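Enquirer: Here is a sequence together with a model predicted from it:
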Amino acid sequence: MSLLQQAMTDVVAMEKTRVSDGEGGFIVDWVDGAVFKAAITFDTSMQSRIGEKQGVSSRYTITTHKNAKLEYHDVIRRLNDGKIFRVTSDGDDKQTPDSASFQFLQVTAEEWWLE
């Protein structure tokens, strides 16, 4: 088992739903979707800290198996502590080639709160 695989923990994809409020509007609710493994790391580099001062909120990197297919604005919740993240890049942009023996993709993310 690789070091990256050992760093992965269970996360759940959060699915946004809208249900009628009975008065012509709707109520937004979030429900648990698929559970999968991901490694979530916080960027503490000087460049990231400077970016944070300038309003950049994408300070996390999520690494997961290539078949997880994370997309821009997907929302996930880490199960061991309940922390929620919103994806701020596209999973198709940074992934291993098909010929690689270990298949993964990476996205950037920000800490987020469900509305």
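Expert: Everything's here; your move.

Enquirer: Next, residue 93: secondary structure please.
Expert: Three-state call for residue 93 (DSSP: H, G, I helix; E, B strand; the rest coil): coil.

Enquirer: Report the separation between it and residue 105.
Expert: Using C-beta to C-beta, to the nearest Å, we find residue 93 at a distance of 9 Å from residue 105. Every C-beta, even on glycine, is put in place using the N, C-alpha and C of the backbone.

Enquirer: So between those two, which is more surrounded?
Expert: Ranked by neighbour count (other C-beta atoms under 10 Å), residue 93 and residue 105 place residue 105 first, with 21 against 11.

Enquirer: who touches the closest residue in space to residue 72 that isn't next to it in sequence in this structure?
Expert: Closest residue to residue 72 apart from its sequence neighbours, by C-beta to C-beta, 6 or more residues apart in numbering: residue 90 at 5.1 Å. Residue 90 makes contacts with 71-72, 107, as judged by C-beta atoms under 8 Å, 6 or more residues apart in numbering.
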